[in-house]
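build me a structure from this.
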Amino acid sequence: MLEYFSFLDSDRDGYVTIEEMIANIKPLQDYCLATPTKMDRLAAALTVFWGEVGLKPGRKVNKRMFLRGLNKLGRKELERESRGRPTLHSAVAHALFDIIDENNNNKLTEREIGNWMAASGLDPTDAKRMMEEADKKKKGYISREELIESEFCSFFHPEKCMIQLGIRVV
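Numbering: from 1, shown residues only. Sure, this is the predicted structure:
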């Protein structure tokens, strides 16, 4: 998470803001051909999600505050999940899925995943690996549920995801 903080701190001042978080999603509009409405939905979901960490409009959060807030968010999200309540993360994942799914067919292709990765500053050639990991039934696409499960697992249950991928957890 320290690396993630550094990635988010786009102006390298040692703080992150909700404004930086929202600015980080702007490339999705071009790479994924997202409409302004879809972008607004994602920005709203991110504002609520990251607000739980302490990122409020006009407020700067340092690494220590960020990690504490993230820990608090994680506990709340796991509690929501265990009680069968919708998580804040799922709201973000639904909004993100809608952006990545350029043709609105509720199926993410390797190309669409690659566009999302490129927009996020990741290597789009890793889209094939992500497809293999998330497409559990080997259908050739990632469903909404698979993306949400994969993203939630990697964010809040990294040890569980490592076991699912066959990586030994020590």
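
which parts of stretch 141-153 are buried?
Buried positions in stretch 141-153, judged by neighbour count with 16 or more other C-beta atoms under 10 Å: 141-143, 146-153. Placement of C-beta: from N, CA and C, glycine included.

of these, closest to Asp98?
Set against Asp98, the nearest of the buried residues of stretch 141-153 by C-beta to C-beta is Leu147 (10.7 Å).

measure the closest one to Met130 for me?
9 Å (C-beta to C-beta, to the nearest Å).

can you pull out the helices in this structure?
With DSSP state H, the ranges of helices along the chain come out as 2-8, 18-24, 27-31, 36-51, 63-82, 88-100, 110-119, 127-134, 144-156, 158-164.

re earlier: can you list the buried residues of stretch 141-153 in JSON lines and add pLDDT?
Formatted as JSON lines, those follow (pLDDT from 0 to 100):
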{"residue": "Tyr141", "pLDDT": "94"}
{"residue": "Ile142", "pLDDT": "91"}
{"residue": "Ser143", "pLDDT": "91"}
{"residue": "Glu146", "pLDDT": "86"}
{"residue": "Leu147", "pLDDT": "84"}
{"residue": "Ile148", "pLDDT": "80"}
{"residue": "Glu149", "pLDDT": "78"}
{"residue": "Ser150", "pLDDT": "75"}
{"residue": "Glu151", "pLDDT": "70"}
{"residue": "Phe152", "pLDDT": "55"}
{"residue": "Cys153", "pLDDT": "57"}
